Structure formats: C-alpha cells, structure tokens
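Participant: Below is the sequence, then the predicted model.
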2 protein chains.
Amino acid sequence: MSKKVFGIDIGGTTVKMGLFTEQGELLDKWEIPTRKDNGGAGILPDIAESIKKKMSSDGIGLEDVCGIGLSVPGPVDDNGVVHTCVNLGWGTIDLAEEMRKHIDVPVFSGNDANAAALGEVWKGGGKGCRNVVAVTLGTGVGGGIIVNGKILSGSGGAGGEIGHIHMVDDETEACGCGNKGCLEQYGSATGLVRLATRRLKEDDAPSVLRNAPSLSAKTVLDAAKAGDAVAIEITERFGAILGKGLSIVAGVVNPEMFVIGGGVSKAGDIVIDIIRKNFVKYVFPGSRDTAFALATLGNDAGIYGSAKLVLDGVNAK
Amino acid sequence: MSKKVFGIDIGGTTVKMGLFTEQGELLDKWEIPTRKDNGGAGILPDIAESIKKKMSSDGIGLEDVCGIGLSVPGPVDDNGVVHTCVNLGWGTIDLAEEMRKHIDVPVFSGNDANAAALGEVWKGGGKGCRNVVAVTLGTGVGGGIIVNGKILSGSGGAGGEIGHIHMVDDETEACGCGNKGCLEQYGSATGLVRLATRRLKEDDAPSVLRNAPSLSAKTVLDAAKAGDAVAIEITERFGAILGKGLSIVAGVVNPEMFVIGGGVSKAGDIVIDIIRKNFVKYVFPGSRDTAFALATLGNDAGIYGSAKLVLDGVNAK
C-alpha cells in the first residue's frame, strides 16, 4: 500500500480533515466539530479518534501513515509548540507530544494561515512558484509567506501577520489585536463594511447601498460592479489601503506572486484589479511586476498545506 | 594548510577585501579602488588580480581556497546574476562566470546590504540569532533580512529593500527610486537633515541648530542629546517614522532582533531608544518583544558576510 498523509485544519468551529496520498492526491475529506469546552482538552483526542476510525475503515495501518499535519488558528513556534490559541481555548501545548499520546505517528504543525499559503503554493493559485505571499481577505486579513518553498514562520510564529501592519494614523476604533489603524480594519470583509458605513454617513449621495437590507462586503462589491458611484468610491478606498499595504509587504519580501483568497476574493477580478492598481503606485520599482492570482483551493487550502507540512518534514529527513 | 576564504565587498568607490580562515577569523583586509570607467569592465579583473597577488605573497594555492564571496550594491538573483547595478556601471552580468575567467575557484555572490546583514548575524551584533533584520541608516536606509540563518533575497533579489516601503502620503519630493514618501526619505542621515531643515522653517523657535555651520545627522542628534528642544522634536519625528516602518517589517517577518548600523547608528543608544519607543506603539503584539542591538562590525560587515556566503555555499554541498 502506498503511504498516506493526514492533513488536519483545526478551526474555531470545525476541524477539517483530509486523507492524502504521498503524491498529494486528496482521497477523502470530512469534518468534525471543534470541542472547545474544558480549555479545548478534547480537540486533539477527537482528531486522533477520527483518524483511527478512518484508518480502520480504509484498512490503513500505522506503518502506512507518513504522518499527521496539524494547522491551528494561532502562532506555532519552530518546535511545534503553541503558546496561546484563544480561539481554541488553549494555553501552551506541544502539539506533537500531545497528539502522540493518542496515535503514534510523526506529527508536524503550523499556523493555519501559513499552512493555507503552503497549500496554495503546492496545489493552488501559486502552483509552481517558490516565493509567494498568500493573503486571505475574510473576517480579518490573514497572511502566509512562502520563501523558497518554505513557510516563513518568524522567530515566535508571528511571521506573515500582515493583517496587523499599521496603515492609518488617525483611526479611533481599536482592532481585535488592541492596536489602532491595522490593515485588517480596512482590507477585510469587515473592514470594507466599516468603510461603507463611514462613507454613507458622510453625505446624502444616492446609492443602492442605502436601500440594502444589510451591508456586507458582497453587497458593496456587487454594487460597485453594477456601477454605483458611492460603492465604487468605497471600493477605491478599500483598494488604496490594501494595495499600499501589499506594496510594503512586497518591499520587504519581494515575492513573485500574491495569491488572494478568502470570502472577499469570491468577487473575483474586481478585487485583484483594485488592489493591483494601487499596489503599483506605491511599490518599490524592483517589485512592480509582482503577479496577482486568485486562490483556488478555497476551504481546502488548510488541509492541503497541513499535508504538505508532513511531506516536507519527511522529505527533509 | 587550513583552507582560506576571500570576502569581497564591492562598493561604488572602493572594493573592500578580506582574507578569512575557514573558521571565520579575519586574517587580513585591504582595499582597492573601484574602477568604474568602461562600464565597470575592470572591476572583477582588478579583484582577481589583487586576490592572486595576496595568494602569491602568502603562499596560498588555488587548492587552499574554499571560494570567493562577492557582494555588490544592487540586486543579485538566486543564480548569482546581477541584472543592473547602476553604481558600478554594470548591466546584466553572471558574477561567478565572469570571475572564474580570471581565477578558477568557487564564487558565491549576493547583495551588499544582505551580505552585511549575514555578517552581523555571523560575527556581529546579531551573533547567535537565526532571524534578524539588519537596518543600515546611512545616506539611505538599507535592509537585510536573515530567516533561519539565511538571506531572504526575494524572487528578484529585491528582498529587504525596506528603505523604499511607503510611509508618508503627502510627500512632495521624490525619493531616489522615483516614488514619494519612502522610509529612507525620513529615516536616513539625509532624511534626518531633511526633517531638520523643514522643522527649522516652520517657526523661529530658538535652537543651536540655527547657528550650526552645516546641518548633518550628527549635528541634530548631538543637539538632541544636549537637550535642544527643537532637535529633540526633529529626532522624535525621525524616530516615529522609523519606529513605525520597522513595526511593519516586524509584522511581516517577525524577527527576534533588529541590528541597527550605518553612520546614524554611531550616535548610539539615543537612536535605538527613539526607534523602540515608537516601534512598540505600532507593532503587532506578537512581535512587541523584538530586541534592538547596534551593529558591531562597521565597514567590515560586508566582507564578513561575503565570506559567510562562501562557507554556507560550501557547507550546503
């Protein structure tokens, strides 16, 4: 039997699980709920149980498993230790050590945004590239940086936290991180809605957004696509901050490509076009030709990247 | 005889040359002029000739040389190719290929700011660290990023170009790169003088700077140290932009340390203190504890880093 890899993406609500061949083919995927009570103590045992059940039903022995890759929504240091993961209720936890109490195979781990970036570079929008910044425009702005094919995790696991680079000096509302003026306060789905709400209050200019039952990133982008002048203006502000932010990221790491994913990216080319238009205005000339592509793996990016963590770990030995 | 390494730092005026043991001990250093006429065609032959002269006088045979490390003031891609280097008059040039026409030993190359960063991490202010951003505050703001002990050169050799990240929207003067509002327009020696000139024009507040025969970064920092209120204000503006800029860099790569070098850093702790004070205001909480240290190798950082390029290259084989 060819060897198998489990790619596991632990989210705040569900755990996404994938069974892969050693060649990176996704054979099966499923989800289990994330049990966050009792400080998240049940999460890893639940994952181990689900893996063992799958192994049993598919006739996969321990010796057939290259390893398990785990991605978690928080910083993971180079030793695979999570120091705090508020979304799961975890304090300090050595992921491999804990996991191997339940199932004795090699365990590799990383931050979820970084793993998703690795997945997109391996099998998604960044396929074939070696230096990529993956940007997830969802509730927040997530980032994952791939340098020479490997995750840049940073000294404390906070590499690629581009949602929290400082962009605006006169912001009065605080970001979730406690600072004021972070990129994700403007460049995320939530940020786009904030920009829209602020713009609509500025004057009485007519806009379909004034009659929308509720404002969402999709409502604003759809209205902009349909030619609504106020929505276009809001989208321009969104793109200006995001384009400027990514120009700075490019100035630091000089990637060959940005891969844009997350809910906001579902609006398609309008998002890439507005970002790129502003990006080229601000970026260092040596990075002006950086490519932009849409992410293609959607919610599976995390399980792909988690599986790749295992294969890279195994290959490195 | 133990093996030897040549570390060569090619600057616009002089070429700094160092002879090292394989263990990284600097045995000798000297300089030759950079001959820029005729498109810089004489630079590499001059270097080869100087190396051969040194080998002959010290009784070093070709078989005793691990290699030559070359750093140049421009982007160098991962294949050791310079695509343009205005300071030397060079167009596209394959450094190893050209150099080996004159002397047949392994040749490794990199950008000068990156090599200096590698030198500081190897033997200088960042010794013992694996993830460091070296910042050179001179005529411009140079950057070199070390990730897991290796240079982050970026996809086109423009990694670590932090002097050109966009910081200020309403700048009217252009930076050397052609953009407006780059970090180095405020955070360099030149930038500090610009800030001083602008501040002095704002009003008639008394300041020793008004009587200075000429304004320099040193004049301003010395006056600030001596308690001159206007000079302190100028230094605060300088530190605010630099601290904010480095907070963004930390948000992207999460280094364990910034190593601050270049002419401006000779003023010492006042520079680090003013940068750090502003850095902590803006940085992502996960990077708040990033250390700051002064560079210690001065003008030798480049030859050390160039030598390390060879040793890393050799070690990697």
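Facilitator: Structure received. Numbers count the residues shown, from 1 in each chain, chains lettered A, B, ... in the order given.
Participant: Look at the most centrally placed residue in chain A and give its secondary structure.
Facilitator: The centroid of chain A falls nearest to A:Ala113 when counting by C-alpha atoms, centre = their mean (3.4 Å). Recorded secondary structure, A:Ala113: helix (DSSP: H, G, I helix; E, B strand; the rest coil).
Participant: Can you say which helix or strand has the residue nearest to it when sequence neighbours are not counted in it?
Facilitator: Nearest residue to A:Ala113, sequence neighbours excluded (C-beta to C-beta, 6 or more residues apart in numbering or on different chains): A:Gly142, at 3.9 Å. For glycine as for every other residue, the C-beta is placed from the backbone atoms N, C-alpha and C. Assigned by DSSP states H and E, A:Gly142 falls within strand A:141-147.
Participant: Please verify my assumption that A:Ile303 contacts A:Asp9.
Facilitator: Yes: assessed by C-beta atoms under 8 Å, A:Ile303 is found in contact with A:Asp9 at 5.1 Å.
Participant: So for these two, which residues contact both of them?
Facilitator: A:16-18 (C-beta atoms under 8 Å, 6 or more residues apart in numbering or on different chains).
Participant: Format those residues as JSON lines; extra columns: pLDDT and neighbour count.
Facilitator: As requested, these are arranged in JSON lines below (pLDDT from 0 to 100; neighbours: other C-beta atoms under 10 Å in any protein chain shown):
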{"residue": "A:Lys16", "pLDDT": "97", "neighbour count": "22"}
{"residue": "A:Met17", "pLDDT": "98", "neighbour count": "22"}
{"residue": "A:Gly18", "pLDDT": "98", "neighbour count": "22"}
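Participant: and which of those residues is nearest to B:Ala189?
Facilitator: Nearest to B:Ala189 among the shared contacts of A:Ile303 and A:Asp9 is A:Lys16, at 51.8 Å by C-beta to C-beta.
Participant: now for the host helix or strand of A:Ile68, which elements pack on it?
Facilitator: Following DSSP H and E, one finds A:Ile68 within strand A:65-72. Secondary-structure packing of strand A:65-72 (3 or more C-beta pairs under 8 Å, 6 or more residues apart in numbering or on different chains; DSSP states H and E): strand A:4-10, helix A:43-58, helix A:95-99, strand A:107-111, helix A:112-123, helix A:301-316.
Participant: Not counting the helix or strand following it itself, show me its contacts.
Facilitator: Counting by DSSP H and E, the next helix or strand C-terminal to strand A:65-72 is strand A:81-82. With contact meaning C-beta under 8 Å, 6+ apart, strand A:81-82 is reached by A:72, A:74-76, A:90, A:92-95, A:109.
Participant: Check stretch A:28-38 too.
Facilitator: By C-beta under 8 Å, 6+ apart, stretch A:28-38 touches A:10-19, A:40, A:42-43, A:46-47, A:50, A:54, A:58, A:88-89, A:300, A:303.
Participant: What subset of the residues you listed is buried?
Facilitator: A:10-11, A:15-19, A:40, A:43, A:46-47, A:50, A:54, A:88-89, A:300, A:303 (16 or more other C-beta atoms under 10 Å in any protein chain shown).
Participant: Nearest to chain B among the shared contacts of A:Ile303 and A:Asp9?
Facilitator: A:Lys16 (24.4 Å; C-beta to the nearest C-beta).
Participant: Okay, and the beta partners of that closest one?
Facilitator: A:Asp9, A:Glu31 (DSSP bridges).
Participant: just checking, A:Ser265 touches A:Leu137?
Facilitator: Yes: with contact defined as C-beta under 8 Å, A:Ser265 counts as touching A:Leu137 (5.7 Å).
Participant: Can you name the residue of the stretch 51-200 of chain A nearest to chain B?
Facilitator: Counting by C-beta to the nearest C-beta, the stretch 51-200 of chain A gets nearest chain B through A:Gly154, at 2.5 Å.
Participant: Which residues of the stretch 101-250 of chain A lie near chain B?
Facilitator: A:130-131, A:143, A:145, A:147, A:152-162, A:164-166, A:177-179, A:181, A:244, A:247-249 (C-beta under 8 Å from any C-beta of the partner chain).
Participant: 7 Å instead, please
Facilitator: A:131, A:147, A:152, A:154-156, A:158-162, A:164-166, A:177-179, A:244, A:247-249 (C-beta under 7 Å from any C-beta of the partner chain).
Participant: If any of these are buried, put those into a ChimeraX selection.
Facilitator: In ChimeraX, a selection of the buried entries from these looks like this (16+ other C-beta under 10 Å):
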select /A:131,147,152,154,155,156,158,159,160,161,162,164,165,166,177,179,244,247,248,249
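Participant: Just give the closest residue to A:Met167, not the sequence neighbours.
Facilitator: Counting by C-beta to C-beta, 6+ apart, the residue nearest A:Met167 is A:Leu183, at 5.0 Å.
Participant: Quick one, grab the pLDDT at the one you found.
Facilitator: Model confidence at A:Leu183, given as pLDDT, is 97.
Participant: thought it was touching A:Leu246?
Facilitator: No: using C-beta atoms under 7 Å, A:Leu183 makes no contact with A:Leu246, being 8.9 Å away.
Participant: okay, now A:Gly262: neighbour count?
Facilitator: A:Gly262 has 24 neighbours, counted by other C-beta atoms under 10 Å in any protein chain shown.
Participant: quick one, what contacts it?
Facilitator: By C-beta atoms under 7 Å, 6 or more residues apart in numbering or on different chains, the contact list for A:Gly262 reads A:136-138.
Participant: go again using 8 Å as the cut-off
Facilitator: A:135-138, A:142, A:188-189, A:295.
Participant: Please apply the same query to A:Gly12.
Facilitator: A:34, A:36, A:73, A:87-88.
Participant: Wait, a strand at it?
Facilitator: No: if the criterion is three-state DSSP, then A:Gly12 is coil and not within a strand.
Participant: What separation is there between it and A:Val72?
Facilitator: As judged by C-beta to C-beta, to the nearest Å, A:Gly12 and A:Val72 stand 10 Å apart.
Participant: Same question for A:Leu27.
Facilitator: For A:Leu27 relative to A:Val72 (C-beta to C-beta), the value is 23 Å.
Participant: Around A:Ile32, how many other residues sit close by?
Facilitator: 17.
Participant: what about it, distance to A:Asp222?
Facilitator: 34 Å.
Participant: so A:Arg199 makes contact with A:Val230?
Facilitator: Yes: using C-beta under 8 Å, A:Arg199 is in contact with A:Val230, at 6.4 Å.
Participant: Find me whatever residue is spatially closest to A:Glu233, sequence neighbours aside.
Facilitator: Using C-beta to C-beta, 6+ apart, the closest residue to A:Glu233 is A:Arg199 (6.4 Å).
Participant: Pull the contacting residues for the closest residue to A:Asn131 other than its chain neighbours.
Facilitator: Excluding the flanking residues, the one nearest A:Asn131 by C-beta to C-beta, 6+ apart is B:Ser155, at 4.2 Å. Contacts for B:Ser155 (C-beta under 8 Å, 6+ apart) come out as A:130-131, A:254-256.
Participant: Mind doing that once more with 10 Å?
Facilitator: A:129-132, A:147-148, A:250, A:253-257, A:286-287, A:289-291, B:77-78 (C-beta atoms under 10 Å, 6 or more residues apart in numbering or on different chains).
Participant: what pLDDT does it get?
Facilitator: Predicted confidence (pLDDT) for B:Ser155: 91.
Participant: mind checking how far it is from A:Ile272?
Facilitator: From B:Ser155 to A:Ile272 the distance is 19 Å (C-beta to C-beta).
Participant: Pull out the buried residues from the helix ranked longest in chain A.
Facilitator: Determined from DSSP state H, the single longest helix within chain A is helix A:229-253. Using 16+ other C-beta under 10 Å as the test for burial, helix A:229-253 gives A:230-235, A:237-253.
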